[in-house]
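# Quick one, fold the following:
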Amino acid sequence: MLTRYLYANAGYQPHRDALVHGDRRITHAELLERVERLAEALRERGIRAGDAVGLVLPNGPPLATAFLAITGIGAIVVPLNPQFKVDELAYCLNACGAREVLADEGDIERMIAGSARRPIDPRLPEETFVYQFSSGSTGRPKRLARTHGQLWAEAESYTWITSDDRLFCALPLFHTYGMGCCLVAAVRNAATLVFLDSTHPFLLSRSRALELLERERVTVFPGVPFHYRLLADAPTSANLTALRLCFSAGTALPRDTFDAFARRYGIVVRQLYGCTEAGTLTANLDPDPIATFASVGKPTGAVRVRVEDDEIVVSSPAMTRGYADDPELNRRAFRDGWFYTGDTGRFDQLGRLYVTGRRKLLIEVAGHKVDPIEVEDILAVHPKVREAVVVGIPNGKDGEEIVKAVIVPANHPQERELIEFCSQRLANFKVPRVVEFRDEIPRSPLGKVLRKYLV
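Okay, the predicted model is just below:
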């Protein structure tokens, strides 16, 4: 159903930029033509409505074009991380029964150039649009499907974007956050999507990011705390006065990062909340973003949010109906049209949501519940600790755990030294019994700590 927006954009403002990638500019009219040609090439390859097609590509015009062409003919897009290893890709593609995999940008451009142009028919709301994988905190990723109607509902919620906006895309489009707040939001509102055109890690790309933000006069920047921290500390600076909205999601935005970015560039970062199962759920659009910096805002569009026994529970027309092949998990997570997120939170008196933690992180120790964030905060102030992540590991008793600290050291700390440091500041049941030293903490493309690899 995003195809309708493509035709509207090409008719309304055909010569305005739709995609910017380095020095390459693609107008709305050109994007529509590319999508129509690639859709025809896919039909010629035998791809039909209902077929799953894997996309293993970096951000850029080929990925955006393929995404829209696959879904435009009723096939199901399966966007995957191009940094995945072979086994990870095989698991996801096999789980979806993928008929085709597009992993070569040059091949996509040749398909576009060599195909005839043919109009694309609208899709039905109940047709499947995308297969995605929710990482969860443990075990294999969980596959879920979202329909054209559900993506349409999410698209309609991006009311804070206008056709004059220029969105900066440093987020991977294979992730729900990038797919929704970058690609879908831009197409829905005839905005311009400006890609970060670097294959290097963001640490090595931040000067290029600042150059693009200034040169392209970007107005909206969806990012993660890691982006804003690195830009605040960048050796070069830029004039970012065109920016009107910066959003952070994926993990909590630290106050020092919020303050550092605001001091450096004169714009505050607002928080946003969403999930793979439902896309964007809330956004902080408060008139006073400084006083409400810790809030993820109020529900967007037709989203409903409540807090039940401290857990955030959501209902949205953009929400999946459940996970594939896991009825037991679905019974626990999806009830009466509501999704139990596993995140904890609270509302203030004006209905603004605050995410306070994650239920699944709690560690069960001899009848006590230990919040690992509390232990991490203690370890983080030790002068010999650069970074700390705390997890629970089985202690041999049914359902019980002991506390384990995974440390990136700053100056050769000893295990006993750190345990003693915690024992002086925490109740005994909260003190780590195991300390592991690592060179780095494993993270997702959005900077979220992958705790399942630390257990």
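# quick one: contacts of stretch 277-291?
134, 144, 146, 150-151, 154, 157-158, 160, 176-177, 180-181, 247, 262, 268, 270-275, 292, 295-300, 303, 305, 314, 316, 318-320, 339, 341, 352-353 (Cβ atoms under 8 Å, 6 or more residues apart in numbering). All C-beta atoms are positioned from the backbone trio N, CA, C, and that covers glycine.
# List only those of these flagged as buried.
Applying 16 or more other Cβ atoms under 10 Å to these, the neighbour count classes 144, 146, 150-151, 154, 157-158, 160, 176-177, 180-181, 247, 262, 268, 270-275, 292, 295-300, 303, 305, 314, 316, 318-320, 339, 341, 352-353 as buried.
# What about residue 112, how many residues nearby?
A count of nearby residues for residue 112, using other Cβ atoms under 10 Å, gives 23.
# The residue nearest to residue 72 when sequence neighbours are not counted and residue 255, how far apart?
Leaving out its chain neighbours, the residue that sits closest to residue 72 by Cβ to Cβ, 6 or more residues apart in numbering is residue 120, at 4.3 Å. Per Cβ to Cβ, to the nearest Å, residue 120 is found 47 Å from residue 255.
# These two: which is more packed in?
A count of neighbours by other Cβ under 10 Å puts residue 120 above the other of residue 120 and residue 255, at 20 against 10.
# Which residues are in contact with the more buried one?
Residues near residue 120 by Cβ under 8 Å, 6+ apart: 3, 35-36, 39, 72-73.
# Quick one: mean pLDDT for stretch 213-228?
Stretch 213-228 shows a mean pLDDT of 96.
# Can you mark which positions in it are buried?
Within stretch 213-228, the residues that count as buried by 16+ other Cβ under 10 Å are 213-214, 216, 218-228.
# same question, stretch 361-375
Buried, per 16+ other Cβ under 10 Å, within stretch 361-375: 361-363, 365, 370-372, 375.
# Could you pick out which of these are located in strands?
Among these, the members falling in strands (DSSP state E) are 363, 365, 370.
# In those, which has the lowest confidence score?
Ranking those by pLDDT puts residue 365 at the bottom, with 81.
# That one contacts residue 428, doesn't it?
No. Contact criterion Cβ atoms under 8 Å: residue 365 and residue 428 do not qualify, at 9.5 Å.
# circling back to that earlier point, can the buried residues of stretch 213-228 go into JSON lines with extra columns for secondary structure?
Formatted as JSON lines, the buried residues of stretch 213-228 follow (DSSP: H, G, I helix; E, B strand; the rest coil):
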{"residue": "213", "secondary structure": "helix"}
{"residue": "214", "secondary structure": "helix"}
{"residue": "216", "secondary structure": "coil"}
{"residue": "218", "secondary structure": "coil"}
{"residue": "219", "secondary structure": "coil"}
{"residue": "220", "secondary structure": "strand"}
{"residue": "221", "secondary structure": "strand"}
{"residue": "222", "secondary structure": "strand"}
{"residue": "223", "secondary structure": "strand"}
{"residue": "224", "secondary structure": "coil"}
{"residue": "225", "secondary structure": "helix"}
{"residue": "226", "secondary structure": "helix"}
{"residue": "227", "secondary structure": "helix"}
{"residue": "228", "secondary structure": "helix"}
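# now, among the residues you listed, which is nearest to residue 89?
Taking Cβ to Cβ as the measure, residue 224 is the one of the buried residues of stretch 213-228 closest to residue 89, at 23.6 Å.
# The nearest residue to residue 358 once chain neighbours are set aside: what secondary structure?
Closest residue to residue 358 apart from its sequence neighbours, by Cβ to Cβ, 6+ apart: residue 343 at 5.5 Å. The three-state label given to residue 343 by three-state DSSP is strand.
# which among the buried residues of stretch 361-375 gets closest to residue 114?
residue 361 (51.0 Å).
# I'd like the distance between that closest one and residue 455.
12 Å.
# quick revisit: pull the most distant pair out of the buried residues of stretch 361-375.
Greatest spacing in the buried residues of stretch 361-375, by Cβ to Cβ: 361 and 365 (13.1 Å).
# what comes up buried for stretch 190-209?
Going by neighbour count (16+ other Cβ under 10 Å), the buried part of stretch 190-209 is 190-198, 202, 205-206, 208-209.
# Could you tell me the end-to-end distance of it?
One end of stretch 190-209 to the other measures 22 Å (Cα to Cα, to the nearest Å).
# And the strands in the stretch 201-350 of the chain, which stretches?
For the stretch 201-350 of the chain, the strands defined by DSSP state E, counting those that start in this stretch cover 220-223, 245-248, 269-275, 279-283, 298-299, 304-308, 311-315, 334-335, 338-347.
# Who are the packing partners of the third one?
This means strand 269-275. helix 176-178, strand 245-248, helix 255-265, strand 279-283 (3 or more Cβ pairs under 8 Å, 6 or more residues apart in numbering; DSSP states H and E).
# do the same with the last one
Other elements packing on strand 338-347 under the criterion 3+ Cβ pairs under 8 Å, 6+ apart are strand 304-308, strand 311-315, helix 327-333, strand 353-358.
# again, only this time at 6 Å
Applying 3 or more Cβ pairs under 6 Å, 6 or more residues apart in numbering; DSSP states H and E, we find strand 338-347 packed against strand 311-315, strand 353-358.
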